[in-house]
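**Q** No letters, just coordinates:
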């Protein structure tokens, strides 16, 4: 490459992000439209930094709109850091509440699956306890599947 910037493939490798994901983020406005030279897109180091920010935010479970808000805050955070930090904290707290709720759901799923799998090993259940669990045709006593 003879010009400043780098192509989408290099950005993908540098940030560990799929090329289609980069194009998607560009389409929805999370990263700015890349400069085009012919049929190729060229990205800057600022684009790479922004993409890494987005990737870390996604890994922490932030939704696209939350990431959009956080990106806006990174711009304003340089001028009014306290307000930006308070707003970022509120977004993060909301995300944490969602993560905690998901964890509770996962614990309930774990218990139901553990019980259904354990019921397979007991001779007292007629039929398949896993299929009965999925079809809703089972009975429970104290949270345990019974025949």
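**A** In hand now; what should we look at? Keep in mind that what you see is a predicted model, and the values were worked out from it rather than measured.
**Q** Confirm residue 41 sits in a helix?
**A** No: read with DSSP: H, G, I helix; E, B strand; the rest coil, residue 41 is strand and lies in no helix.
**Q** Past the longest helix along the chain, which element shows up next along the chain?
**A** Determined from DSSP state H, the single longest helix within the chain is helix 81-121. Heading C-terminal from helix 81-121, the first helix or strand you meet, by DSSP states H and E, is helix 129-135.
**Q** who does that next one touch, helix- and strand-wise?
**A** helix 81-121, strand 144-146 (3 or more C-beta pairs under 8 Å, 6 or more residues apart in numbering; DSSP states H and E). (C-beta placed from N, C-alpha, C; glycine too.)
**Q** quick one: average confidence on the first one?
**A** In other words, helix 81-121. For helix 81-121, the mean per-residue pLDDT is 89.
**Q** what separates that helix from the chain centre, distance-wise?
**A** Centroid displacement of helix 81-121 relative to its chain, using C-alpha atoms, centre = their mean, to the nearest Å, is 12 Å.
**Q** Many thanks, have a good one.
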